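[1] Okay, sequence plus prediction incoming.
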Amino acid sequence: MTTAETGGSGDRPRDRPRYRPIEDYALIGDCHGTALVAKDGSIDWAVLHRFDGEPVFCRLLDADRGGFWSIRPTDEFTAERAYLPGTNILRTEFRTATGRVAVTDFMPVGRRLDAGVHDYVHLNAPAWIVRRIEGVAGEVTLAVAYRPSSDFAASRVELVQQGGVLRAGPEMATLHGGLEFAIDGDLATANLRIVAGERLDLVLAGNTVERASPCARAEEFFAATRAYWEEWIDYCRYRGPHREVVGRSALALKLLTFAPTGAIVAAATTSLPETIGGERNWDYRFCWVRDASFALYALSVLGYSGEARCFHDFLLGACARSLPTVRPMYGVDGALKLDEVDLDHLEGYEGSAPVRCGNGAYLQQQMDVYGQMLDLAQLYGALGGRVSGQYERLLDAVARFIGAHWGDPDQGIWEMRGPPRHHVHSKLMSWVGMDRAGRLLDRKWTARAAEVEADIRARGIGDAGLRQAYDGGTDAAVLLAPMLGFELPQAQLEQTIDNACRVLGQGDFIARYDSADGLEGSEGAFLVCSSWLADAELAAGRIDAARARIEHLVGCANDVGLYAEEVESANGRFLGNFPQALTHLGLIGNLVNLALAEAGGAAAVQGSYADRARRAVTATFGWRGVLAAMIQSRRIGRLFSSKRSKLAWP
C-alpha cells in the first residue's frame with residue numbers, strides 16, 4: 001500500500017497529525033517486547049524486556065510528552081511497506097523526487113544455542129530494536145529524531161552523547177550507530193544523506209556486552225532472525241484458502257507470546273480507546289483465561305505443539321497459585337496482582353483518558369473462566385496430551401468451585417463494571433465445566449451439568465433465542481453455544497442468530513451487547529463477535545452466509561494483515577488495543593471451521609473444541625504430533641532444525 005506524506009524534521013514534522021490512525025501501525029517484536037511502527041517511519045510505542053513493562057516510547061498515548069523514534073525523508077515522499085515474506089521483519093521504502101531509501105525494522109530473536117530439534121519456544125533475544133537504512137536509488141536526506149520515555153513519560157530524561165552512543169540514564173536503553181545528533185534536553189535530532197548502495201544500522205539496545213558494539217552484530221542478528229521466522233512459519237499445517245492471512249495471524253500470535261513462560265497477551269498495547277475521547281481504555285498486556293480454548297485450538301490446528309504446550313502449562317501453573325478462584329487474567333509471569341492505576345499525566349490517544357496501567361478486572365468474579373479450564377483440559381487430552389494425577393487434582397478443585405457457585409451472578413465475559421447479573425454465557429460455561437468434569441474426572445458431575453442445563457433452558461431462553469442474562473438483553477457471546485457442544489433446537493439457534501444480527505448489527509459488523517455496563521459512552525463493533533456469528537451460521541447450516549462474512553473479515557485487516565479489537569462500522573477505522581490476539585484467533589478458527597463445514601456440513605463444526613480438533617488434526621503432542629506436522633506442512637524431510645535460526649547471545 002502506498003501513502004503520501006509531507007517531509008520534515010524535529011519532534012513533529014510539518015503537517016504530521018498529532019496521532020496516526022491505529023491501522024497505520026505495524027508490529028515488530030522478539031517474543032519478549034514489541035514495537036509499533038507507523039507508515040511514516042515513526043516508532044510511537046515500544047517495550048523492550050517484557051510486554052507489560054514501562055515503554056521506551058509512548059507517543060501513541062501522548063503526542064507531546066511521549067517518546068518516539070522517527071526516521072523519514074526531509075522532503076515530500078510516498079511510502080510502501082510490507083513484512084519480508086514469512087517473517088515479522090518490516091521493510092518500508094520511501095520514495096522522494098530525488099531517490100528511494102528503505103528502512104528495515106526488526107527486533108532480533110532466535111533459538112537458543114542449546115535448543116533441541118524442532119524447539120522454537122526456547123529463545124534468545126537481546127532486547128534490541130534494529131533499524132537498517134539502505135539507499136535503493138538516487139539519494140535521499142533523512143531526518144532522524146529520538147526521544148526516549150521514562151516512567152511512562154512522567155519523568156523527563158536528559159540525553160548525553162558519548163562516543164557515538166546516546167545515553168538517557170541508568171537502566172535505560174542506549175542508541176548506537178555513530179550519528180552525530182543535536183541534543184535539546186530529551187530530544188536528539190540528526191539529518192542523514194543516503195545514496196544508492198549505502199547502508200547504515202541504528203540499534204536501540206536494552207542489553208549490551210561491555211566493549212562490544214551492537215551495530216557490529218546487526219547483520220548476524222538479521223540473518224538469524226530472518227531464518228528463525230521463516231523456519232517457524234514453515235511448520236504451519238494449514239493448507240486451505242487464505243493461507244497468507246492465516247500465516248500472518250499465526251506470526252502475530254507468536255509475537256504476542258511471552259517466550260519465558262508461554263503466556264499469550266491479549267494485545268501489545270494499553271489504553272487505545274474503544275471510542276475516541278471516551279473512558280473505555282484498558283491495559284491488555286496480560287494473559288486472559290477466556291482465550292484458552294481459542295488459543296489452544298488455533299495453535300494445535302496450525303501445528304504449533306511447542307507453543308500450545310507452553311501456553312497450556314502456563315495457565316495450569318497460574319491457576320494453581322490462585323485457588324480456590326481462577327482469575328480472569330494473569331501477568332505474563334503468572335503474577336496474581338494487576339492493580340489498575342490511572343496515568344493522569346498522559347492525555348491519551350486522541351484525548352481519550354484515562355490512560356491505565358494494570359487492569360482492575362483481575363479481581364472480578366467471572367464464572368466462565370472456570371469452565372474454560374475444564375474445556376481446555378478436554379481439548380488437551382484430545383490432542384494427545386496427558387492428563388496426569390496432579391492435573392486431575394487441579395481440575396477437581398476447579399470443578400468443585402463451579403459446583404458450589406454456578407448459580408451465583410457474575411460480571412460476565414465482558415468484565416462489566418456494573419452490578420453482577422446471571423449472564424447466560426457464564427451459565428453455558430458452567431455447564432461446559434460440569435460436562436467436561438463428568439467426562440474427565442467423575443460421573444457425579446454429569447448430574448450437576450444436567451441441573452445447569454435445565455436452568456439455562458428454563459431461564460436463559462426467550463422468544464428470540466438465548467438471552468444475554470436471565471433478566472433479558474442480547475449478547476454476542478451466546479453465539480458460542482453450538483461451538484461449546486450445547487445443543488439447541490434448530491429454531492432456537494436460528495432465533496439467536498437472527499436476534500443478534502437485528503439488535504447488535506452495525507452495518508457489516510455486530511456489537512458485543514446492548515445493555516448498560518457501568519461505563520459512560522459507547523464503543524465500536526467488536527471484531528471477534530463477527531467471527532462467533534460466522535461460526536454459529538456454520539453450525540446452523542448457513543454456510544454461504546458464513547463464508548461471505550468470513551471473506552468480509554479477511555478484508556478488514558490493515559495493509560500488513562493485522563487486526564485491532566474493534567472497528568468503527570461506518571468507516572472501518574480501528575479502535576481498541578492493537579493488534580488483538582482474540583481477533584486473530586477468531587479468524588483462524590473461522591477458516592478452519594469453514595473447511596470442516598464445506599467438507600462435512602453443519603454437523604462437522606458442532607460439538608466441543610475437542611470434537612472439532614479430532615476432525616481437523618490427527619495429533620499435536622508427542623512424536624505423532626511432530627510426524628503429523630511434518631506431513632501436513634509438507635516438510636516431510638525436515639528431521640532437524642537449521643543452525644541458522646540460532647542466535648548467539650550474549
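    Looks like it came in fine. Numbering: from 1, shown residues only.

[2] now the helices: where do they sit in the stretch 101-250 of the chain?
    In chain order, the stretch 101-250 of the chain shows helices spanning 218-234, 243-255, with DSSP state H, counting those that start in this stretch as the criterion.

[3] Tell me where the stretch 351-500 of the chain is predicted with low confidence.
    Low-confidence regions of the stretch 351-500 of the chain, defined here as pLDDT under 70, do not occur.

[4] Give me the spatial nearest neighbour of the residue most central in space within the chain, chain neighbours excluded.
    Taking C-alpha atoms, centre = their mean, the centroid of the chain lies closest to residue 581, which sits 2.7 Å from it. Nearest residue to residue 581, sequence neighbours excluded (C-beta to C-beta, 6 or more residues apart in numbering): residue 256, at 5.1 Å. To be clear about C-beta, it is placed using only N, CA and C from the backbone, and glycine gets the same treatment.

[5] Who are the contact partners of the one you found?
    If you count contacts by C-beta atoms under 8 Å, 6 or more residues apart in numbering, residue 256 has them with 29, 34, 51, 264-268, 579, 581.

[6] With residue 50 instead?
    Residue 50 touches 32-33, 258, 332-333, counting by C-beta under 8 Å, 6+ apart.

[7] now with 10 Å?
    Residue 50 makes contact with 32-33, 127, 258, 260-261, 265, 285, 331-333 under the criterion C-beta atoms under 10 Å, 6 or more residues apart in numbering.

[8] picking that back up, and the helices of the stretch 101-250 of the chain as a markdown table, adding mean pLDDT?
    Supplementary listing: the helices of the stretch 101-250 of the chain in a markdown table, determined by pLDDT from 0 to 100:
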| stretch | mean pLDDT |
| --- | --- |
| helix 218-234 | 97 |
| helix 243-255 | 97 |
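
[9] picking that back up, among the contacts of residue 256, which ones are buried?
    Neighbour counting by 16 or more other C-beta atoms under 10 Å classes 29, 34, 51, 264-268, 579, 581 among the contacts of residue 256 as buried.

[10] wait, which of these is closest to residue 361?
    Using C-beta to C-beta, the shortest approach to residue 361 within the buried ones among the contacts of residue 256 belongs to residue 266, at 11.3 Å.

[11] Kindly list the main-chain dihedrals of the residue nearest to the centre of the chain?
    As for residue 581, its main-chain torsions (degrees, to the nearest 10) stand at phi -60, psi -40.

[12] show me where the stretch 351-500 of the chain has helices.
    368-382, 389-405, 424-440, 444-459, 490-504.

[13] What residues of the last one count as buried?
    Buried residues in helix 490-504, counted by 16+ other C-beta under 10 Å: 492-497, 499-500, 503-504.

[14] can I get the helices of the stretch 101-250 of the chain in TSV with distance to residue 44 and mean neighbour count?
    Listed next are these as TSV, based on distance: least, C-beta to C-beta, whole Å; neighbours: other C-beta atoms under 10 Å:
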stretch	distance to residue 44	mean neighbour count
helix 218-234	22	20
helix 243-255	17	21
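
[15] Relative to residue 525, which of those is closest?
    Closest among those, once you apply C-beta to C-beta, is helix 243-255, at 19.0 Å.

[16] angle of the closest one against helix 218-234?
    120 degrees (axes from the mean of the first three to the mean of the last three C-alpha atoms, to 10 degrees).

[17] And helix 243-255, what does it pack against?
    If you count contacts as 3 or more C-beta pairs under 10 Å, 6 or more residues apart in numbering; DSSP states H and E, helix 243-255 packs onto strand 25-29, helix 218-234, helix 292-302, helix 305-322, helix 543-554, helix 581-600.

[18] and the second one, what does it pack onto?
    For helix 218-234, the packing partners by 3+ C-beta pairs under 10 Å, 6+ apart come out as strand 99-106, strand 110-111, strand 123-124, strand 128-147, strand 199-205, helix 243-255.

[19] Buried deepest among the ones you listed, which one?
    Using mean count of other C-beta atoms under 10 Å, the stretch among those with the greatest mean number of neighbours is strand 110-111 (a mean of 26).

[20] where does the nearest residue to residue 55 once chain neighbours are set aside fall, phi/psi-wise?
    Counting by C-beta to C-beta, 6+ apart, residue 55 lies nearest to residue 47, which is 5.1 Å off, once chain neighbours are set aside. Comment: the main-chain dihedrals of residue 47 come out as phi -130, psi 140, following degrees, to the nearest 10.

[21] Name all residues that make contact with residue 47.
    29, 32-35, 53-58, 127, 206, 268-270, 285.

[22] Quickly list what it is bridged to.
    On DSSP bridges, the residues paired with residue 47 through beta bridges are residue 34.

[23] Tell me the confidence at it?
    For residue 47, the model assigns a pLDDT of 98.

[24] what's the distance between it and residue 388?
    With distances defined as C-beta to C-beta, to the nearest Å, the gap from residue 47 to residue 388 amounts to 35 Å.

[25] quick one: residue 525 from residue 556, how far?
    Between residue 525 and residue 556 the distance, using C-beta to C-beta, works out to 10 Å.

[26] Residues that sit against both of these two, list them.
    With the criterion set as C-beta under 10 Å, 6+ apart, the overlap between the contacts of residue 525 and residue 556 is 508-509, 567, 572.

[27] and which of these is nearest to residue 167?
    Closest approach to residue 167 among the shared contacts of residue 525 and residue 556 (C-beta to C-beta): residue 567, at 41.4 Å.

[28] which residues does the closest one form a beta bridge with?
    Per DSSP bridges, residues listed as beta-bridge partners of residue 567: residue 525, residue 574.
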